[in-house]
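Visitor: Structure of the sequence below:
(chains A, B, C and D)
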2 protein chains.
Amino acid sequence: MATAETESDDHLGDWADRHLSRRRDHAACLPLDDEVEAITVRLERVLRHLRQSVRHALDEVGLQNCAYETLHLLMIRDTPGRATPSALAADLGVSGAGMTGRLDALERAGWVRRTPATGDRRRVDVVITEAGEQIWRRATVLRGRAESRMFDSLRAEDRACLAALLRQLTLRIELPDGPAAD
Amino acid sequence: MATAETESDDHLGDWADRHLSRRRDHAACLPLDDEVEAITVRLERVLRHLRQSVRHALDEVGLQNCAYETLHLLMIRDTPGRATPSALAADLGVSGAGMTGRLDALERAGWVRRTPATGDRRRVDVVITEAGEQIWRRATVLRGRAESRMFDSLRAEDRACLAALLRQLTLRIELPDGPAAD
DNA sequence: GACCAATAATTAGCTGGCGAACTAGCTTCC
DNA sequence: GGAAGCTAGTTCGCCAGCTAATTATTGGTC
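Guide: As a prediction, the model looks like this:
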């Protein structure tokens, strides 16, 4: 069980430990749950680092993270390499306007094409190009390596445990009446 | 152990499950580790949701998330309520220019003051005001509730386990020769 | 004691994202 | 069958953050 080694890795603790101990010293009056605060602070820091590693890895193929994300979600779907802007926007969690901007950049770079969809003339299909697919493939390999490096310090069981715990959270989030309600 | 209930919560799985199964169907050739991909995808989604909840909670006191973060790190430190812009910028992970912008907004709102530091006339001390401390206090309560709601679906042991696993990751990240190297 | 590199903060210019308004095309319903 | 309302995508104006350049100050070094 992962909790067993909580206090053994580093005598000083991590940034979050120091953050929490300062909070206990100076703002103990506030009704914050230390464990929840520790989780959120560490989530932020892990993800920040992860993004930075991936960004660095993608530099190698000259792809920005947001461009890569878009290409990736364009490929990883039921109709690989083809989607409408609004479907992509929903998956990526960006606004319609943001999507237009990303697609403009991708089209300028020659990695996707916009073609009018058949049937409904309001619609547009975004289609990946040969060049787009190639750069996506190369980038995905690099990104995979960067991400794996991030988690290779965890034992296999711990990695599985982390995956399972996060899954519990995402399942909850995705419920129609998830924890978003006030 | 959390892994025991991986397959019991929801018959369809979460967004990440569907994402991975599409990847297996359409891009199995790529050397990506499914478990790592699942973790990173879920991390992104959990954090996105968390930020949204917190943003929503902070609306109630009329505070933007970035303003709150800044006030919070200004309070939670060895010298609560007082810091230099560059120290804050380092803690927040924003650039110096970004920090100037945030402080401009906070000062305009009357939540902090900039005062010249004694001794070194290049330096500036950012000091929280009475109003700033009050709004920080109110906002912190609201934020704590929003965050707790996010994690209250986990059993206490699972929450502790998650905290411990994330701590292993942040400890590693913060090593001088962490997994950032290429 | 004058020059030069280092440091703290700011400013300038750019990018990417957002919400709101807009355009075009589809659907519904009397 | 045509007006009202909905949907898909884009454009517009704005904001926040970044990098690079700028200003001011400090501390070495000869």
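Visitor: hey, where'd the helices end up in chain A?
Guide: A:15-26, A:34-59, A:65-75, A:85-92, A:96-109, A:130-151, A:156-174 (DSSP state H).
Visitor: What count of nearby residues applies to the residue in chain A that DNA strand C sits nearest to?
Guide: The nearest approach of chain A to DNA strand C comes at A:Gly98, 2.4 Å away (C-beta to the nearest atom of the strand). All C-beta atoms are positioned from the backbone trio N, CA, C, and that covers glycine. By other C-beta atoms under 10 Å in any protein chain shown, the residues close to A:Gly98 number 13.
Visitor: just A:Leu106 next, same as before
Guide: Neighbour tally, A:Leu106, other C-beta under 10 Å: 22.
Visitor: With adjacent residues omitted, what lies nearest to it?
Guide: Leaving aside its sequence neighbours, A:Leu106 sits nearest to A:Val112 (C-beta to C-beta, 6 or more residues apart in numbering or on different chains; 4.5 Å).
Visitor: Would you mind measuring from that neighbour to A:Thr129?
Guide: According to C-beta to C-beta, to the nearest Å, A:Val112 stands 6 Å off from A:Thr129.
Visitor: the more surrounded of the two?
Guide: Taking other C-beta under 10 Å, A:Val112 and A:Thr129 do not tie; A:Val112 has more neighbours (28 against 16).
Visitor: ok now do the more buried one, which residues does it touch?
Guide: Applying C-beta atoms under 8 Å, 6 or more residues apart in numbering or on different chains, one finds that A:Val112 lies in contact with A:71, A:74, A:103, A:106, A:126-129, A:132.
Visitor: Now for the residues you listed: which two are most distant?
Guide: Using C-beta to C-beta, the pair of these lying farthest apart is A:Leu103 and A:Thr129, separated by 12.6 Å.
Visitor: how about low-confidence regions in chain A?
Guide: Along chain A, the model assigns pLDDT under 70 to residues A:1-12, A:26-29, A:176-182.
Visitor: which bits of it sit near DNA strand D?
Guide: A:84-87, A:96-97, A:99-101, A:103-104, A:114, A:117, A:120, A:122-124 (C-beta under 7 Å from any atom of the strand).
Visitor: Please list only the buried members of those residues.
Guide: Buried members of the residues of chain A next to DNA strand D, counted by 16 or more other C-beta atoms under 10 Å in any protein chain shown: A:84-85, A:87, A:99, A:103, A:124.
Visitor: farthest-separated two in those?
Guide: Top of the distance list for these (C-beta to C-beta): A:Ala87 and A:Leu103, 12.1 Å.
Visitor: interface residues of chain A facing DNA strand C?
Guide: Counting by C-beta under 7 Å from any atom of the strand, chain A sits next to DNA strand C at A:64, A:66, A:93-99, A:101-102, A:105, A:119-122.
Visitor: Pick out the most distant pair among those residues.
Guide: Maximum distance among the residues of chain A next to DNA strand C (C-beta to C-beta): 33.1 Å, for A:Gln64 and A:Gly119.
Visitor: So which of these two has more stuff around it?
Guide: Taking other C-beta under 10 Å, A:Gln64 and A:Gly119 do not tie; A:Gln64 has more neighbours (14 against 7).
Visitor: Now A:Val41. Nearest residue, chain neighbours left out?
Guide: A:Ala16 (4.5 Å).
Visitor: I'd guessed that neighbour sits against A:Arg45; true?
Guide: Yes. Using C-beta atoms under 8 Å, A:Ala16 is in contact with A:Arg45, at 7.1 Å.
Visitor: got any residues that touch both of those two?
Guide: Going by C-beta under 8 Å, 6+ apart, residues that sit against A:Ala16 and also against A:Arg45 are B:Thr170.
Visitor: Between those two, tell me which one has more neighbours.
Guide: Between A:Ala16 and A:Arg45, counting by other C-beta under 10 Å, A:Ala16 is the more crowded of the two (24 against 20).
Visitor: list the contacts for the residue nearest to A:Val41?
Guide: A:38, A:41-42, A:45, B:167, B:170.
Visitor: And A:Leu162, by the same measure?
Guide: Remark: with contacts taken as C-beta under 8 Å, 6+ apart, A:Leu162 is in contact with A:151, A:154, B:39, B:162, B:165-166.
Visitor: Residues contacting stretch A:98-108, please?
Guide: Against stretch A:98-108 from outside (C-beta under 8 Å, 6+ apart): A:66-67, A:70-71, A:85-86, A:88-89, A:92, A:94, A:112-114, A:126, A:132.
Visitor: Could you point out which of the residues you listed is nearest to B:Leu30?
Guide: The nearest member of those to B:Leu30, counting by C-beta to C-beta, is A:Leu71 at 12.7 Å.
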